[in-house]
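1. build me a model:
(one chain, ligands or ions: 1)
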Amino acid sequence: MAVAAERLGVLEAADPELAALLQGELDRQEHTLELIPSENIASPAVLAALGSWLTNKYAEGTPGRRYYGGCEWVDQIESLCQERARKLFSAEHANVQPHCGSSANMAAYMALCQAGDTILGMDLSHGGHLSHGSPVSFSGILYHAEFYGVSEATERLDYDLVLARAREVRPKVLVAGASAYPRTFDFAALRRIADEVGAALLVDMAHFAGLVAGGAHPSPVPHADIVTLTTHKTLRGPWGGMILCPESRAKDVDKAVFPGVQGGPMLHAIAGKAVALHAWSQPEMRDYAQRVVANAARLAEGLMARGLRLVSGGTDNHLMLLDLRPLQLTGRRVQEAFDRAGITVNRNSIPFDTASKFNPSGVRLGTPAVTTRGMGVAEMDEIAALVAELISDLDGEATLHRVSARARALCEAFPLPYS
Ligand SMILES: Cc1ncc(COP(=O)(O)O)c(C=O)c1O
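-> Reported below is the predicted structural model:
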C-alpha cells in the first residue's frame, strides 16, 4: 500500500501507538464490505491535499478579504474551489468553508430566519436529519421545529400532505433532503409549496450531492433559496460541508458561515474539496454516479427477490431501508451480527417505527463505497445473497464463517485505492 505505507511510516516514527490504531482502521476498511450509505472512500489525491501544510494557515474571511496576512496562495486555493463548485452545480455562489453538513445547515438557517422562527423539516424517523429540527439538535433548540413525513400507504412523500402541513404551521423555512429516504425529491413541487406559504426553501443534498454532480439525480439548485451539502458522502471528497445559493443570498450566507457559525476555514479540507470537485469534471465520475444508482437498484432487487422487505418497495437513489419487522428482528442485532461477518451497515428507524431509536426496526444499506471500489451488478447479486443468507441465520457459526469468507473475498478482489 504505497500511499498508506508512506503515511504510516511517517507516523510510526513519531507516534507508534497512534500508527497502530490507524493501521487497524486501514485493515478494517480494506477487509470489510462498507454498505453504510453516508460513507465513501476518498482518493489518494484528496488525502494528499488533506494531509498537507495548509493545515498551518489561518485565513478568517473570504478570498481577497481576509483578517490575516500571507493569504496569497490560500486565496487562490479557496477561489479555485468556489469556482469548481459553482461550475459543477451551476450555482451563482458557493461558500466552501463549512466544516461539516451540520454547520452548513446552521449557517443556512442563520441566513434565512431568526431564532424562534418556525422551520418545517422531514421527520427524523421518516428519513430526515437531526439538523432539520430535532429537539436534541441546535436546529430544534434555536428554532421552533415542525415536521412532515411520508405517506403511510406508500412510504413516499405525498406533496399534498407536505402542502397541508405547511399551510398549518406557516414556516419561515421549508427544509427538504434526508439521510434515509430512498426516493428522489420533486424540487419543483417543494418550491411551489414554499411559495404558497411564503417560506424560503432550504434543500440539504448532503446524501445525494454526488448523484446530482453526476447527473443521476435532479438538481435542487434552480429551485432552492439555499442548498447545503456534505463533501464526504456520494461526492467522494474529504469530510466537510458546502453551501450553494443565488448571488442575492451570497452576502447573508458568507456572514452566517463566518463569523456567524465558524472561525477560520480549514484550508487543507478546502483543498481536498477542490480536488474532489475537479475529479467530477472527468467522464468517469458521471459514470460512477450512474453506477451507484444502478448498483443500488440491483441490490434492492436481489434483496426483494429473496423475500426481504424494503421501505417504499425499493430505491431510486444510492440507499435502501430494510424493514426488519416481518422477520421479528431489530436493527441493533442485525448490525452487530453483520459486523462479525465483515459487512458494515447501520441500524436506522423506519417510517412509523414503534421501536426505540437505539434499537430501531430498520437497517440502512447503500452502494457509494462498494461502487468506488469498482464493484458492479454481479457483485451486488453476491452481496444480496450474503445479506439474505446472514439475516436468515444470525447466530449460526457455519453461516457466519461462510458469509464472512465470501465478503472478504469480494474486498480482496476490489482493493482500496491506497496501494
Ligand atoms: C441529510 C444530512 N444532512 C446533514 C448531515 C450532517 O453532516 P455532518 O455529519 O457532516 O455534520 C447528514 C449526515 O449524515 C445528513 O445525512
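
2. helices along the stretch 51-200 of the chain, start to end?
-> Under the criterion DSSP state H, counting those that start in this stretch, the stretch 51-200 of the chain carries helices at the ranges 72-89, 101-112, 138-142, 159-169, 187-197.

3. return the most buried member of the ones you listed.
-> helix 101-112 (a mean of 26; mean count of other Cβ atoms under 10 Å). Yep, even glycine has a C-beta here, placed from its N, CA and C like the rest.

4. out of the helices of the stretch 51-200 of the chain, flag the one nearest the ligand.
-> helix 101-112 (2.5 Å; Cβ to the nearest ligand atom).

5. kindly report the domain assignment for the chain.
-> Following automatic domain parsing, the chain resolves into domains at 53-279, 283-413.

6. residue contacts, the residue of the stretch 201-350 of the chain found nearest the ligand?
-> Taking Cβ to the nearest ligand atom, the ligand has its nearest neighbour within the stretch 201-350 of the chain at A206, 3.5 Å off. Taking Cβ atoms under 8 Å, 6 or more residues apart in numbering as the contact definition, A206 lies against S38, G101, H129, G177, S179, T228, L229, T230, K233, G241.

7. give me the subset of those residues touching the ligand.
-> Among these, proximity to the ligand is found for S38, G101, H129, G177, S179, T230, G241 (Cβ under 6 Å from any ligand atom).

8. check whether whichever strand or helix holds V363 contacts the ligand.
-> According to DSSP states H and E, V363 maps onto strand 362-366. No. Judged by Cβ under 6 Å from any ligand atom, strand 362-366 stays clear of the ligand, getting no closer than 10.4 Å.

9. mind exporting the C-alpha coordinates of stretch 68-79 to PDB?
-> Extracted in PDB, the C-alpha atoms of stretch 68-79 (Å, rounded to 0.1, in the frame of the first residue of the first chain):
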ATOM      1  CA  TYR A  68      -4.700  37.700   8.200                       C
ATOM      2  CA  GLY A  69      -1.600  38.300   6.100                       C
ATOM      3  CA  GLY A  70       0.200  35.700   4.000                       C
ATOM      4  CA  CYS A  71      -3.000  34.600   2.200                       C
ATOM      5  CA  GLU A  72      -1.900  34.900  -1.400                       C
ATOM      6  CA  TRP A  73      -1.800  31.100  -2.000                       C
ATOM      7  CA  VAL A  74      -4.800  30.100   0.100                       C
ATOM      8  CA  ASP A  75      -6.900  32.800  -1.600                       C
ATOM      9  CA  GLN A  76      -6.200  31.100  -4.900                       C
ATOM     10  CA  ILE A  77      -7.000  27.700  -3.500                       C
ATOM     11  CA  GLU A  78     -10.300  28.800  -2.000                       C
ATOM     12  CA  SER A  79     -11.300  30.700  -5.100                       C
END
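
10. same question for that stretch, mean pLDDT?
-> With pLDDT averaged residue by residue, stretch 68-79 scores 98.

11. want to try a markdown table for the ones next to the ligand among the contacts of A206, with distance to A13 and pLDDT as columns?
-> Putting the ones next to the ligand among the contacts of A206 into a markdown table (distance: Cβ to Cβ, whole Å; pLDDT from 0 to 100) gives the following:
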| residue | distance to A13 | pLDDT |
| --- | --- | --- |
| S38 | 34 | 98 |
| G101 | 35 | 98 |
| H129 | 41 | 97 |
| G177 | 44 | 97 |
| S179 | 40 | 97 |
| T230 | 33 | 98 |
| G241 | 34 | 98 |
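
12. got the contact list for the nearest residue to A115 once chain neighbours are set aside?
-> For A115, ignoring the flanking residues on the chain, the nearest one in space by Cβ to Cβ, 6 or more residues apart in numbering is L142 at 4.9 Å. If you count contacts by Cβ under 8 Å, 6+ apart, L142 has them with Y109, A115, G116.

13. how close does the first one get to D254?
-> For Y109, the distance to D254 (Cβ to Cβ, to the nearest Å) stands at 15 Å.

14. picking that back up, same for the strand holding V363, what does it pack against?
-> strand 319-323, helix 331-340, strand 346-348 (3 or more Cβ pairs under 8 Å, 6 or more residues apart in numbering; DSSP states H and E).

15. now the ones you listed as a markdown table including mean pLDDT?
-> A markdown table is the format used below for those (pLDDT from 0 to 100):
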| stretch | mean pLDDT |
| --- | --- |
| strand 319-323 | 98 |
| helix 331-340 | 96 |
| strand 346-348 | 95 |
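
16. deepest-packed of those, please.
-> Highest mean neighbour count among these (mean count of other Cβ under 10 Å): strand 319-323, with a mean of 26.

17. relative to that strand, what are the paired strands and their orientations?
-> Strand 319-323 has its sheet partners listed here by DSSP bridges as strand 309-310 (antiparallel), strand 362-366 (antiparallel).

18. now do that strand: everything it contacts.
-> 37, 180, 182, 207, 296, 299-300, 303, 308-312, 314, 334, 348, 350, 361-367, 387.

19. C-alpha coordinates for that strand, PDB please?
-> Taking Å, rounded to 0.1, in the frame of the first residue of the first chain, the C-alpha atoms of strand 319-323 are listed here in PDB:
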ATOM      1  CA  LEU A 319     -29.600   3.800  -0.500                       C
ATOM      2  CA  MET A 320     -32.400   1.500   0.800                       C
ATOM      3  CA  LEU A 321     -34.000   0.700   4.100                       C
ATOM      4  CA  LEU A 322     -34.500  -2.900   5.100                       C
ATOM      5  CA  ASP A 323     -37.700  -3.300   7.200                       C
END
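
20. that one vs the ligand: in contact?
-> No. Counting by Cβ under 6 Å from any ligand atom, the ligand is not contacted by strand 319-323; separation bottoms out at 10.1 Å.

21. next, the angle from that strand to helix 331-340.
-> Taking axes from the mean of the first three to the mean of the last three Cα atoms, to 10 degrees, one finds strand 319-323 and helix 331-340 inclined to each other by 120 degrees.

22. how about the residues of the protein near the ligand?
-> Within the chain, the residues that sit near the ligand (Cβ under 6 Å from any ligand atom) are 38, 100-102, 129, 131, 177-179, 204, 206-207, 230, 241.

23. what's the closest of these to L157?
-> Sorting these by distance to L157 puts A178 at the head of the list, at 9.3 Å, by Cβ to Cβ.

24. pull the number of nearby residues for the closest one.
-> 27 (other Cβ atoms under 10 Å).

25. where along the stretch 1-150 of the chain do the strands fall?
-> Shown for the stretch 1-150 of the chain, the strands assigned by DSSP state E, counting those that start in this stretch span residues 33-34, 61-62, 65-66, 93-95, 118-122, 144-148.

26. please consider this matter closed, and thank you.
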